[in-house]
Structures are given as C-alpha cells and as structure tokens.
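Asker: heads up, no residue letters with this:
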Ligand code: THU
C-alpha cells in the first residue's frame, strides 16, 4: 500500500480591485445573470457567465421546479446553452455568483458535483482548461485554473472505451 496525495490550487482575492479586469467583467455579467434566476423554493439565486473564444458571453441562472430534481443549476443552464448555440466554440472562463436574502454568504458559491462533471466534459471536448471564478454576496473570490482543481479523480469517458478482444 502507498499513501498518495493530490494537490489542488486556487487563488483568493479579498477585494474586487485586485482582480484582473477580464475576471471582474465576467463577474459583472454573472451579477446580471442572477436577475434571471427562478428560485422560489430555495430562495438561493445563482448566476453564471461564460466567456467563449468567439468573443460571446453567455449567461445562465438557476431555474427551479416544484418537482425539485427537474430544476437546473445556473452553470449547466449557461454551459448547455453555450454548447448548443456554439458547439465549436471553446469556453475560456466561467464566473459564478449568488444572491440570497437569508444569510450572508461568506464563502463563494462553488459549482455542485453535477456541474463540475459537466465542466469536466466541456474541458474534454475542447482539450483546454476552463478558468472557474467563484464569488458571491460579500464573499471573497476564489479562482481555479481548470476543473482538476475542483474535481480531482474525476470520472472520464476513457473508462468507457470497449476493449476489442
Ligand atoms: N445552485 C446553482 O445554480 N449552482 C450551484 O453551483 C449551486 C446550487 C442552485 C440549485 C438550486 O436552485 C439552488 O442553487 C439551491 O441549491
């Protein structure tokens, strides 16, 4: 038996002034996206914005449903819209933010497991890492360069390849 470890890396920004202009602009887009959130059940409003390599910015927000599992997170709304509309475009970065009146969100909103898996698939399709910018209401901003920092040991399609015997 061997003990092994995986290290993940992220940047943390305590004030918006220290962010790169590009990141700050995408956060502004995510803040606009939150306005389209439909979250009457959780009252946790999430907005996401994607920057594509064709220059487009795609917004998404969480869309809930009275049959809870039928709702979808902001990140996947944005990612599926982007890849449906521009299948050949690469996603350079995604910014995610949240709004809620019930508590101060000291930690930035971090994509859920399913969204992480979809981000991983998007990276695989484009063979390029995605910059993931996580922020929130009054929260610090955390940034990772690539999904491996959020989803180490991820499930990969290679595991599904059939072996010709
Ligand atoms: N949610 C997102 O949209 N993105 C995340 O990264 C975390 C959670 C949504 C799903 C649901 O509508 C609400 O937030 C509460 O979980």
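Answerer: It's in. Remember, it's a predicted structure, so these values are computed and weren't measured experimentally. Numbers count the residues shown, from 1 in each chain.

Asker: tell me the secondary structure for residue 34?
Answerer: Three-state call for residue 34 (DSSP: H, G, I helix; E, B strand; the rest coil): helix.

Asker: who in this protein is up against the ligand?
Answerer: 39, 42, 44, 46, 62, 64, 71, 73-75, 96, 109, 111-112, 115 (C-beta under 6 Å from any ligand atom). In this view, the C-beta of every residue, glycine as well, is placed from N, C-alpha and C.

Asker: and with 8 Å instead?
Answerer: Selection of the chain residues close to the ligand by C-beta under 8 Å from any ligand atom yields 37, 39, 41-42, 44-46, 48, 61-64, 71-77, 96, 98, 109-112, 115.

Asker: just the ones in helices from these, please.
Answerer: 74-77, 115 (DSSP state H).

Asker: and residue 45, how far is that from residue 99?
Answerer: The spacing between residue 45 and residue 99, counted by C-beta to C-beta, to the nearest Å, is 4 Å.

Asker: looking at these two, which is more packed in?
Answerer: residue 45 (23 against 19; other C-beta atoms under 10 Å).

Asker: pLDDT weak spots in this protein?
Answerer: For the chain, the stretches flagged by pLDDT under 70 are 105, 159, 165.

Asker: show me where it has helices.
Answerer: Counting by DSSP H, the helices of the chain are 21-33, 74-85, 113-126.

Asker: how far does stretch 4-17 stretch from start to finish?
Answerer: 38 Å (C-alpha to C-alpha, to the nearest Å).

Asker: same thing with stretch 97-112?
Answerer: 13 Å.

Asker: so what touches stretch 24-39?
Answerer: 16, 19, 45-49, 51, 57, 59-64, 74, 78, 93-99, 133, 135, 141 (C-beta atoms under 8 Å, 6 or more residues apart in numbering).

Asker: give me the buried stretch members for it, please.
Answerer: The neighbour-count check on stretch 24-39 (16 or more other C-beta atoms under 10 Å) flags 24, 26-27, 29-31, 33-34, 37, 39 as buried.

Asker: out of these, which is nearest to the ligand?
Answerer: Ranked by distance to the ligand (C-beta to the nearest ligand atom), these are led by residue 39 at 5.0 Å.

Asker: and the closest one, what are its phi and psi?
Answerer: phi -140, psi 60 (degrees, to the nearest 10).

Asker: for residue 127, same thing?
Answerer: Main-chain torsions, residue 127, degrees, to the nearest 10: phi 50, psi 40.

Asker: ranges for the strands of this structure?
Answerer: 11-13, 45-52, 57-61, 91-99, 131-134, 141-145 (DSSP state E).
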